[in-house]
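1. Give me coordinates for this.
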Amino acid sequence: MSLNGVKVIEFAGLAPGPFAGLVLAHNGASVIRIDRPSSATRDLLCAGKRSIALDMKTASGLQVAKDLIAKADVLIDPFRPGVLEKLGLGPEVFHTSDEREGLNDRLIYARLAGFPRNGTHSTMAGHDINYIALSGILSMLPGTMDKPTFPLNLIADFAGGGLLCANGILLAMIERGRSGRGQVVNVDMVSGSRYISSFPLLSAGSGAWGGPRGTNFLDGGAPFYDVYTCSDGRWMSVGCLEPQFFAQFISKFNEVMRSGGKQGSWSPSQSTQSTKEDWPKLRKYLDDGFKTQPRDFWTEVFHGTDACAVPVLSPTEAAQLHGSLHPMPHPELSRMSPPPLQDEIKTLSPGKHTLDILRELGLSEEDMRRLVAEGALGKEAREPERPKLKL
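-> All right, here's what the predicted structure looks like:
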């Protein structure tokens, strides 16, 4: 696979950091997650990863972390700015400068922050909704007339955060192939959200985004780009922006209305799409019409056409369609086989591979007993009845 032989150290975190590590693991990288001892995890983005539990508050636990990073190709830092620096694990320790030789000048040091590192919010806690709020894009998203609605935590955490972090790591690896040196990859989720939202942000106030939020083509203003409720409470998505696609859609829709005697005194034509004054009537017509039949009926009506109308699937339905509970790694590379996926969704127990990783690092049994005695592997490691940490 593309990243076979690449060693990645990922400090445990939530959402963006684990996703960046998952992208690398899916493409062959060896990813080790550093967890805190006795920590619980809700991280489901752990396929193909291993875990070591280290108490970074102990000198020996910190040294093990430093040794792991010194032998790695990539480090993923998900903490607020300054956390790893205070521990003595900042990029200046590993990268060579005019003043000192670093421990690993080839290291790609990827830092994932929420707010811009040099901005006025850099020391504040935040989440996806806060990052997209400052990016400018939340103010443009659909919702009610009173306020916009946020799209789960997809924009900042995963697109502008984890995915751009993985992209930055790959770019740094390409550059390292020329220079032989690593570098810092700085990602913040406000800037990342702005970048992946370049099209709407650059279009704001003109063209498709010329009107107030909720009145434009792509923000819920256009009745031919929206989601509609069917008679069974499930939904259909409609996205026939282009005139030729709208023509197919409205022809099919009108045909169903006529055959069922539901058309009423007014029915839209192809020209209705470009007549904005008729949009409220068109929306009501579609609202009422979709509610006359269940979702799967409408699915059959539009399947195989260019009407740009398909069903909104539940996660279970989508898994059945794609043949797996796990979303497949993407994109597909023509000369690479996709990694095998797990049959079930599960987490990675913190510290599950601690001893194996320590042995790979070159530590002897005596060295590992010393780490246990010093508490570097956590309190539970001192309990001999726990076979996973028994030496």
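2. Can you tell me the strand partners of the host helix or strand of residue 50 and which way each runs?
-> If you go by DSSP states H and E, residue 50 is part of strand 49-53. The strands beside strand 49-53 in its sheet (DSSP bridges) come out as strand 30-35 (parallel).
3. Restricting to C-alpha, output the strand it pairs with in CSV.
-> C-alpha atoms of strand 30-35 as CSV (Å, rounded to 0.1, in the frame of the first residue of the first chain):
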residue,chain,number,x,y,z
SER,A,30,1.7,1.9,11.0
VAL,A,31,-0.2,4.1,13.5
ILE,A,32,0.5,3.9,17.2
ARG,A,33,-1.9,5.8,19.5
ILE,A,34,-0.6,7.0,22.8
ASP,A,35,-3.3,6.8,25.5
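4. Pull the residues that contact that strand.
-> With CB atoms under 8 Å, 6 or more residues apart in numbering as the test, strand 30-35 has contacts from 5-12, 18, 21-22, 24-25, 41, 43, 46, 48-54, 65, 68, 348, 350-351, 353, 357. The way it works is simple: take the backbone N, C-alpha and C, and place the C-beta from them, glycine included.
5. tell me the contacts of residue 46?
-> By CB under 8 Å, 6+ apart, residue 46 lies in contact with 18, 22, 33, 347-348.
6. switch the cut-off to 7 Å
-> 18, 347-348 (CB atoms under 7 Å, 6 or more residues apart in numbering).
7. Out of the residues you listed, who's the most crowded?
-> If you count neighbours using other CB atoms under 10 Å, the busiest of the contacts of residue 46 is residue 18, which has 26 neighbours.
8. Residue 298 reaches residue 229, doesn't it?
-> No - contact criterion CB atoms under 7 Å: residue 298 and residue 229 do not qualify, at 10.9 Å.
9. Overlap in contacts, these two.
-> Residues touching both residue 298 and residue 229 (CB under 7 Å, 6+ apart): residue 290.
10. Please identify which of the two sits among more neighbours.
-> Neighbours per residue, other CB under 10 Å: of residue 298 and residue 229, the larger number sits with residue 298, 26 against 14.
11. a strand runs through the more buried one, doesn't it?
-> No - counting by DSSP: H, G, I helix; E, B strand; the rest coil, residue 298 is not part of a strand but helix.
12. which residue sits closest to it, ignoring its sequence neighbours?
-> In space, and not counting its chain neighbours, residue 298 is closest to residue 236: 5.0 Å by CB to CB, 6 or more residues apart in numbering.
13. for residue 204, same thing?
-> Of all residues beyond its chain neighbours, the one nearest residue 204 is residue 140 (6.7 Å), with distances taken as CB to CB, 6+ apart.
14. And the pLDDT for the one you found?
-> With respect to pLDDT, residue 140 has a value of 95.
15. my read: it touches residue 221, true?
-> No - taking contacts as CB under 7 Å, residue 140 lies outside contact range of residue 221: 11.5 Å.
16. measure the residue nearest the centre of the chain to residue 244 for me?
-> By CA atoms, centre = their mean, the chain has its centre lying nearest to residue 158, at 2.2 Å. Plainly put, residue 158 is 34 Å away from residue 244 if you go by CB to CB, to the nearest Å.
17. pLDDT wise, what is the residue lying closest to residue 210 once chain neighbours are set aside at?
-> Take residue 210 and drop its neighbours on the chain: the residue closest to it by CB to CB, 6+ apart is residue 216, 6.8 Å away. Note for residue 216: predicted pLDDT of 91.
18. check contacts around residue 216.
-> Listed by CB under 7 Å, 6+ apart, the contact partners of residue 216 are 208-210.
19. cool, residue 76 as well?
-> If you count contacts by CB under 7 Å, 6+ apart, then residue 76 has 8, 10-11, 17, 20-21, 110, 112 around it.
20. Show me which of those is closest to residue 162.
-> Closest approach between the contacts of residue 76 and residue 162, by CB to CB: residue 20, at 4.4 Å.
21. which SS class is that closest one?
-> Secondary structure, three-state DSSP: residue 20 is helix.
22. correct me, but it touches residue 165?
-> Yes - checked against CB under 7 Å, the pair residue 20 and residue 165 is within contact range at 4.0 Å.
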